[in-house]
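Asker: compute the structure for the input listed below.
(one chain, ligands or ions: 1)
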Amino acid sequence: MKIEKTHIPGLVIIQPQVFADDRGFFMESYNENRYFENEVLPHFVQDNISKSCYGTVRGLHYQLAPFAQSKLVQVIEGKVLDVAVDLRIKSPTFGQSFSIELSAKNKTQFFIPQGFAHGFSVLSETAIFMYKCDNYYNREAERGLAYNDTQLNIDWKIPQDKIIISQKDGILPTLREAEYNFV
Ligand SMILES: Cc1cn([C@H]2C[C@H](O)[C@@H](COP(=O)(O)OP(=O)(O)O[C@H]3O[C@H](C)C(=O)[C@H](O)[C@H]3O)O2)c(=O)[nH]c1=O
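Answerer: Now for the predicted structure:
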């Protein structure tokens, strides 16, 4: 397993070890002992799975503290562009976003700590997105950022006329307007 830090503190790319043979492959998708040797160890309490069609953009979402969630995300079918935006007001990378392609083929995992908005766009015909969270879903604490906020200037790699978003995501505020409480 390889663990690679990014230029945004806390965002970590994980390349699990894959054991391939004539039957297919095996990989440990999570191992508490190995994933967070030197970091703060999140205690995951909820697993989520979503399936989306090409052009879907889910996000950018987060939950306000103390219900903020760190997420360990991966794709088990298809391909997505995964995006995290740093909302920690004291972070030197506040407001910066980081994008990475996750796919069933590359089996890459992405760890997003609390304090980030998260979203993804679906680049394949369909994609199954699977992720672990270290805090429970809390509808009242749910917030989000507009996927097309010009200040964030995120390239979702989907033509604008092909983007599919939920009604809820269509009315999310910009970074300038949003409420967040992460330090
Ligand atoms: C997130 C969540 C949702 N729900 C219910 C609420 C709605 O009735 C339904 C669909 O929820 P939503 O449209 O918010 O699903 P996504 O757009 O995939 O939301 C996720 O999108 C981005 C990528 C994220 O990082 C978050 O995990 C999450 O916000 O599932 C639950 O019951 N539990 C949950 O944990």
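
Asker: so which residue is smack in the middle of the chain?
Answerer: Geometric centre of the chain, nearest residue: residue 118, 4.6 Å, by C-alpha atoms, centre = their mean.

Asker: right, and the helix or strand after the lowest-mean-pLDDT helix or strand in the chain?
Answerer: Sorted by mean pLDDT, DSSP states H and E, the helices and strands of the chain end with helix 32-35, the least confident at a mean of 81. Under the assignment DSSP states H and E, the closest C-terminal helix or strand after helix 32-35 is strand 46-53.

Asker: contact partners of that next one?
Answerer: Residues from elsewhere that reach strand 46-53, judged by C-beta atoms under 8 Å, 6 or more residues apart in numbering: 58, 77, 122, 125-133, 135-137, 164. C-beta coordinates here come from the backbone N, C-alpha and C atoms, glycine included.

Asker: flag every buried residue along it.
Answerer: residue 52 (16 or more other C-beta atoms under 10 Å).

Asker: can you name every helix or strand that the helix or strand following that strand contacts?
Answerer: Using DSSP H and E, the next helix or strand after strand 46-53 towards the C-terminus is strand 57-63. Secondary structure elements in contact with strand 57-63, counted by 3 or more C-beta pairs under 8 Å, 6 or more residues apart in numbering; DSSP states H and E, are strand 79-86, strand 116-122, strand 142-144.

Asker: if we can go back for a sec, ok, the residue nearest to the centre of the chain - contacts?
Answerer: Residue 118 neighbours (C-beta under 8 Å, 6+ apart): 59, 60, 61, 62, 71, 73, 82, 83, 84, 85, 112.

Asker: that one bridge partners, please.
Answerer: residue 61, residue 84 (DSSP bridges).

Asker: what distance do you get for it to the ligand?
Answerer: Using C-beta to the nearest ligand atom, to the nearest Å, residue 118 is found at 4 Å from the ligand.

Asker: check residue 58 too.
Answerer: Relative to the ligand, and taking C-beta to the nearest ligand atom, residue 58 is found at 4 Å.

Asker: now swap in residue 144 and tell me
Answerer: 7 Å.

Asker: pull the number of nearby residues for that residue.
Answerer: By other C-beta atoms under 10 Å, the residues close to residue 144 number 20.

Asker: contact partners for the nearest residue to it once chain neighbours are set aside?
Answerer: Leaving aside its sequence neighbours, residue 144 sits nearest to residue 172 (C-beta to C-beta, 6 or more residues apart in numbering; 4.1 Å). Neighbour list for residue 172: 60, 144, 145, 146, 147, 178 [criterion: C-beta under 8 Å, 6+ apart].

Asker: sounds good, over and out.
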